[in-house]
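Asks: Here is my input; please provide its structure:
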Amino acid sequence: MSLLITEKLIQRQINHWNRFREFLKDEDENAPGRVGPVITISRSAGSGGRTLATGLAEQLDISLHDQSLVDRIARDRNLEKSVVAQLDESAISQAELWVKGVLNRRIFMKDEYHTSLVNIVTNLAAAGNVLFLGRGAHLILGDKASLRIRVVASWATRLSRIMERTGLSRAEARALLEETDRNREEFIRKVFKVDPTAPDNFDLVINSDRMKPECMLEMVALALIDARTGGRTRMHSQV
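Replies: Numbers count the residues shown, from 1 in each chain. Presented below is the predicted three-dimensional model:
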């Protein structure tokens, strides 16, 4: 790829993000009660989902909650209460109704941890400007999320990335990949009783095999503004 084309692609991506920020600013002024973006990312191990999540959080200046952080909050009642305390009364009421609906219809295990998981994800989402990486947040939130993303890649690509990132041998990386995939799939099947890869639970599925992180970010920028406007506004690429 020539330097000129690369520069044009970078400029196009910058233009998209600038337009999206302008749109959010206008939206805040015209509808001050509307919360900022709520994004969920589900991914297969080694697909680049974490890279996308980190890039999105930086571009949008929103909070990123991954599995370890959500688990920590869900197990710590004091942290959970501190999150709820940040919401106003209307947001708390809405979140409570939301939690009841999720527990009644979408979650099949109602022990203390899983109930707390639903509580914390819904309360954080009620405040807006948040991105969840994993932990079934796309199933907890459903269409309450601004955008539900699934990032995938071929087995060969994922294995190669795991080896490069960890320095493990092919056999060790294969074992790690298989274990990670199995654990994530078992969690979703056990708690939500659905196929973890079912496309109808996502708004956007990205195959990262031949797509660089910056192209994935550009795609998400386009999808976000389309989702926020209900398809009424289009952002046209200019190269």
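Asks: Point out where the protein drops to low pLDDT.
Replies: Applying pLDDT under 70 to the chain flags residues 1-34, 74, 76-111, 229-239.
Asks: Could you rerun that using 50?
Replies: For the chain, the stretches with pLDDT under 50 are 1, 3, 5-6, 87-90, 232-239.
Asks: which residue ranges form the strands in it?
Replies: 38-43, 63-65, 130-133, 147-152, 204-207 (DSSP state E).
Asks: Distance to L124 added to the ones you listed, as CSV?
Replies: For glycine as for every other residue, the C-beta is placed from the backbone atoms N, C-alpha and C. Below are those laid out as CSV (distance: least, CB to CB, whole Å):
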stretch, distance to L124
strand 38-43, 8
strand 63-65, 6
strand 130-133, 5
strand 147-152, 15
strand 204-207, 21
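Asks: Put together JSON lines for those, with distance to V191 and mean neighbour count on each row.
Replies: As requested, the strands of the chain are exported to JSON lines (distance: least, CB to CB, whole Å; neighbours: other CB atoms under 10 Å):
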{"stretch": "strand 38-43", "distance to V191": "13", "mean neighbour count": "27"}
{"stretch": "strand 63-65", "distance to V191": "17", "mean neighbour count": "19"}
{"stretch": "strand 130-133", "distance to V191": "15", "mean neighbour count": "26"}
{"stretch": "strand 147-152", "distance to V191": "17", "mean neighbour count": "23"}
{"stretch": "strand 204-207", "distance to V191": "21", "mean neighbour count": "18"}
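Asks: closest one to S116 among the ones you listed?
Replies: S116 lies closest, by CB to CB, to one member of the strands of the chain: strand 63-65, at 13.8 Å.
Asks: tell me what that closest one is packed against?
Replies: helix 49-60, strand 130-133 (3 or more CB pairs under 8 Å, 6 or more residues apart in numbering; DSSP states H and E).
Asks: hey, which of those is tucked in deepest?
Replies: When the helices and strands packed on strand 63-65 are scored by mean count of other CB atoms under 10 Å, the highest mean neighbour count falls to strand 130-133 (a mean of 26).
Asks: What pairs with that strand, parallel or antiparallel?
Replies: According to DSSP bridges, strand 130-133 forms sheet pairs with strand 38-43 (parallel), strand 63-65 (parallel).
Asks: Compare those strands and report which one is nearest to A198.
Replies: Closest to A198 of these is strand 38-43 (CB to CB; 10.5 Å).
Asks: mind checking which of the strands paired with strand 130-133 is nearest L159?
Replies: strand 38-43 (15.0 Å).
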